[in-house]
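>>> what's the 3D shape of this:
(2 chains)
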Amino acid sequence: MSKTELKTTPLFELHQELGAKLGPFAGYSMPLFYPLGVMNEHNHTREKAGLFDISHMVHMEVTGANAEKAIARACPLVPSSFEDGECRYTFFLNEEAGVEDDLIVTKLADERFLLVTNAGCADKDIAHMKAICESLGATHTVIPRGFIALQGPKAEQAMLDLGYDLTAIAFMHGIETSSGWFISRSGYTGEDGFEIAMGEDEIADFTKKLLDHDDVEIIGLGARDSLRLEAGLSLYSQDLDETTTPSEAGLIWAIPKALREGGEFIGADALTVKLAEGRKRKRVGLKPEGKMPVRAGADIVNTAGDTIGKVTSGGFGPTFGGPVALGLIPANHEGELFASVRGKQIPLAVHPLPFTPHNFKR
Amino acid sequence: MSTIYYTDEHEWLSVDGDVATVGITNYAQEQLGDLVFVDLPDVGTELDQGDDGVVVESVKAASDVYAPVSGEVTETNDDLGENPALVNSDAEGTGWLYKMKLTDKSQLEALMDKAAYADHIA
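You can find the predicted model right below:
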């Protein structure tokens, strides 16, 4: 895809003003890093508060008397059990129980749900959800929005200093603060923080106000990736895809126990069968020996040199202080693991996730 | 007295006799961002022009640094093992990558001088 075909977010001009190095991501021209640099951006987020443009993500609302029915069909969730404002991490599964996308579903109010999905799956997700809503008599609306994340231990105070008291909002809960606005206590860095949505025409001014705060810096996709990787969080299309089941990806916790035995969601039958058979692969945290990062796509080999798995995400963890990776290996594997990188065999130790402790406000 | 050459792949060479010191340009390090690891060749490695002699790893990605000319690696910058960020802070000085003994000095003729490289990245 050439640069002229890339889409831009409502913060594109601001990224340019702030000196961002831009690169293509999911069809958008997005900031990779700013003059502060990936390392400092990463550390600033862990120590204070980092602001991320996530406007490329998709917001859809499902509304009407049959909204719960549509959500229960689309995702392995029990929407009738949600309290107002509750957010849940979940999936769109296919008929083989593979993950078509991961997303966050929030109950805004009775008969109103918000779905936030990945930019890379936008066309597929919108068509999928629209078809489900049409078949079940619910209303489906795509909402163009500006969307930022403010992440880090100073995020709550920074919002308070701007006049937004979010201290009462619990982790994975959200509120509509005013018309067109939605703020949830959530994110993808392992830190406390918020995701803040509003009209496309309002987001640049609000972002500038936040950036005026002494503790807030703007952060690019480079540090976003190292932060989520240290936090052990999956990136769709790398760590999980349509061939990976939630249990293989280590994400079965996101599916309520009762639904693992069956349900009305797409993929329910296959999920039950696959859970009974037991997973053949599992996602694990991997710590490469030494200092050289091991990247996504590297083969994982055993002592005999046979390829038995793949690194799905890998890079350098600034807070962890060394290379970190995620990979898929056989579920029953025992013995040593190596990553094959440029003809070298790098020893890999299975490491518990997350690599750096989560700092969520529960 | 050494002569400095530049390539359109954003490498510099400082040539003194038949030995060249090779690194990446300041422009290149700005594009790559913070480096966390530099994978250097072994001393004695014979590199042909265009071979991927070095891999520089930023937080996010690995990038090849191609051999700008042909030659044998005679020394590598050991300081980069402990401090790969030297390439960010002083790309065209203490952040050099390796030294090589040139096998075909005529390859230098096609490279750029400082002014031509400045135009190239402008």
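>>> can you pull the pLDDT of the residue in the stretch 251-362 of chain A positioned nearest to chain B?
Here the stretch 251-362 of chain A gets closest to chain B at one residue, A:F316, 4.1 Å apart by CB to the nearest CB. (Each C-beta comes from the backbone N, C-alpha and C, glycine too.) A:F316 is assigned 96 on the pLDDT scale.
>>> Same check on A:R362?
pLDDT, A:R362: 75.
>>> for chain A, what are the nearby residues on chain B?
B:30-31, B:33-34, B:36-37, B:39, B:55, B:57-62, B:81, B:88 (CB under 8 Å from any CB of the partner chain).
>>> related to what we said a few turns ago, so how far is B:A61 from the residue of the stretch 251-362 of chain A closest to chain B?
A:F316 sits 10 Å away from B:A61, taking CB to CB, to the nearest Å as the criterion.
>>> Could you look up the SS state of the residue lying closest to B:V43 once chain neighbours are set aside?
Spatial nearest neighbour of B:V43, excluding adjacent residues (CB to CB, 6 or more residues apart in numbering or on different chains): B:V73 at 5.5 Å. What DSSP: H, G, I helix; E, B strand; the rest coil gives for B:V73 is strand.
>>> Can you tell me the number of residues neighbouring residue 98?
Just so you know, I chose chain A. 22 (other CB atoms under 10 Å in any protein chain shown).
>>> should've been chain B
26.
>>> ditto for A:K361
Quick note: A:K361 (other CB under 10 Å) scores 14 neighbours.
>>> so B:G81, which of the three states?
When the rule is three-state DSSP, B:G81 gets the label helix.
>>> among the residues of chain B next to chain A, which ones are buried?
B:33-34, B:36-37, B:39, B:55, B:57-62, B:88 (16 or more other CB atoms under 10 Å in any protein chain shown).
>>> Kindly reformat those as TSV containing secondary structure and pLDDT.
Formatted as TSV, these follow (DSSP: H, G, I helix; E, B strand; the rest coil; pLDDT from 0 to 100):
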residue	secondary structure	pLDDT
B:G33	coil	93
B:D34	coil	95
B:V36	strand	96
B:F37	strand	96
B:D39	strand	96
B:V55	strand	96
B:E57	strand	96
B:S58	strand	94
B:V59	coil	88
B:K60	coil	81
B:A61	coil	89
B:A62	strand	93
B:N88	helix	97
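>>> And stretch A:311-331, how far out from the chain middle?
Taking the mean of its C-alpha atoms, stretch A:311-331 sits 16 Å from the chain's own mean (CA atoms, centre = their mean, to the nearest Å).
>>> what does stretch B:71-80 give?
10 Å.
>>> How is chain A partitioned into domains?
As assigned by automatic domain parsing, chain A contains the domains A:3-55+A:145-230, A:56-140+A:245-278, A:280-351.
>>> Just the strands from the stretch 251-362 of chain A, written as ranges.
Taking DSSP state E, counting those that start in this stretch as the test, the strands found in the stretch 251-362 of chain A are A:281-288, A:299-301, A:307-317, A:322-330, A:337-341, A:344-351.
>>> Mind putting those into JSON lines with mean neighbour count and distance to B:E9?
What follows is the strands of the stretch 251-362 of chain A, written out as JSON lines (neighbours: other CB atoms under 10 Å in any protein chain shown; distance: least, CB to CB, whole Å):
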{"stretch": "strand A:281-288", "mean neighbour count": "22", "distance to B:E9": "28"}
{"stretch": "strand A:299-301", "mean neighbour count": "19", "distance to B:E9": "28"}
{"stretch": "strand A:307-317", "mean neighbour count": "22", "distance to B:E9": "24"}
{"stretch": "strand A:322-330", "mean neighbour count": "23", "distance to B:E9": "26"}
{"stretch": "strand A:337-341", "mean neighbour count": "21", "distance to B:E9": "22"}
{"stretch": "strand A:344-351", "mean neighbour count": "16", "distance to B:E9": "24"}
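>>> Quick one: closest of the ones you listed to A:L251.
strand A:281-288 (8.2 Å; CB to CB).
>>> May I have the strands that pair with the closest one, each with its orientation?
strand A:322-330 (antiparallel), strand A:344-351 (antiparallel) (DSSP bridges).
>>> Low-confidence ranges, the chain, go.
Using chain A here. For chain A, applying pLDDT under 70 flags the ranges A:1-4.
>>> tell me which parts of it are close to chain B?
Looking at chain B, the residues of chain A close enough under CB under 8 Å from any CB are A:21, A:32-33, A:37-40, A:42, A:221-223, A:225-226, A:291-293, A:295, A:315-316, A:318, A:323, A:342.
>>> 6 Å - rerun?
Residues of chain A found near chain B (CB under 6 Å from any CB of the partner chain) are A:33, A:37-39, A:222, A:226, A:291-293, A:295, A:315-316.
>>> Next, A:F52: secondary structure please.
From three-state DSSP, the assignment for A:F52 is strand.
>>> hey, what's it bridged with?
Counting by DSSP bridges, A:F52 is bridged to A:A149.
>>> Then A:V324?
With DSSP bridges as the rule, A:V324 is bridged to A:G315.
>>> can I assume it is in contact with A:F355?
Yes. Counting by CB atoms under 6 Å, A:V324 touches A:F355, with 4.9 Å between them.
>>> and of the strands of the stretch 251-362 of chain A, who's closest to A:V216?
strand A:307-317 (22.7 Å).
>>> got a pLDDT number for the residue nearest to B:V43?
98.
>>> now A:G180, nearest residue through space, not along the chain?
Leaving out its chain neighbours, the residue that sits closest to A:G180 by CB to CB, 6+ apart is A:G199, at 4.8 Å.
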